[in-house]
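> all I have is the shape, not the residue letters:
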């Protein structure tokens with residue numbers, strides 16, 4: 001199964017402002033792969049392993065975009081506590097996403 005981008009929620013005015021990306025996907029290998037791709041593209045990724053860790057990271061760091069699994073309980077917390085943070089929701093096997101597709105989705109998550 002390939003990964004699909006099922007939803008993007010964005011409120012940024014300046015698309016060039018994205019730098020700090022929180023990667024909160026359940027599969028550690030996929031999270032590391034995604035973080036490596038984002039780093040190579042010039043972003044500053046931070047990987048967290050659990051919803052609790054994501055909440056702590058959001059509270060302590062300026063985060064521009066959050067990548068989460070479709071089934072993550074973090075989505076509800078994000079919308080309630082950080083409604084202005086851009087969110088990219090991934091569904092499927094994150095390790096199957098092509099680097100180009102991931103980076104395109106990150107770019108598409110932000111307004112032009």
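Ah, there it is. Quick caveat, the model's predicted, so the values are computed rather than measured. Numbers count the residues shown, from 1 in each chain.

> tell me the buried residues in the helix or strand harbouring residue 31?
In the assignment (DSSP states H and E), residue 31 maps to helix 28-40. By neighbour count on 16 or more other CB atoms under 10 Å, the buried set for helix 28-40 is 30, 31, 33, 34, 35, 37, 38. (Glycine included, C-beta is placed from N, CA and C.)

> with stretch 84-95 instead?
85, 86, 87, 88, 89, 90, 94.

> looking at this protein, which helix or strand does the model trust least?
strand 4-9 (a mean of 47; mean pLDDT, DSSP states H and E).

> what's near enough to touch residue 67?
Counting by CB atoms under 8 Å, 6 or more residues apart in numbering, residue 67 touches 21, 22, 23, 24, 25, 34, 88, 90, 106.

> what two of the residues you listed have the greatest distance between them?
Taking CB to CB, the two most distant members of the contacts of residue 67 are 24 and 106; they sit 14.3 Å apart.

> who has more neighbours, these two?
Between residue 24 and residue 106, residue 24 has the larger neighbour count (other CB atoms under 10 Å), namely 25 against 22.

> how near is the residue nearest to the more buried one when sequence neighbours are not counted to residue 101?
Using CB to CB, 6 or more residues apart in numbering and skipping residues adjacent in sequence, the residue nearest residue 24 is residue 54, 4.4 Å away. Going from residue 54 to residue 101 by CB to CB, to the nearest Å gives 23 Å.
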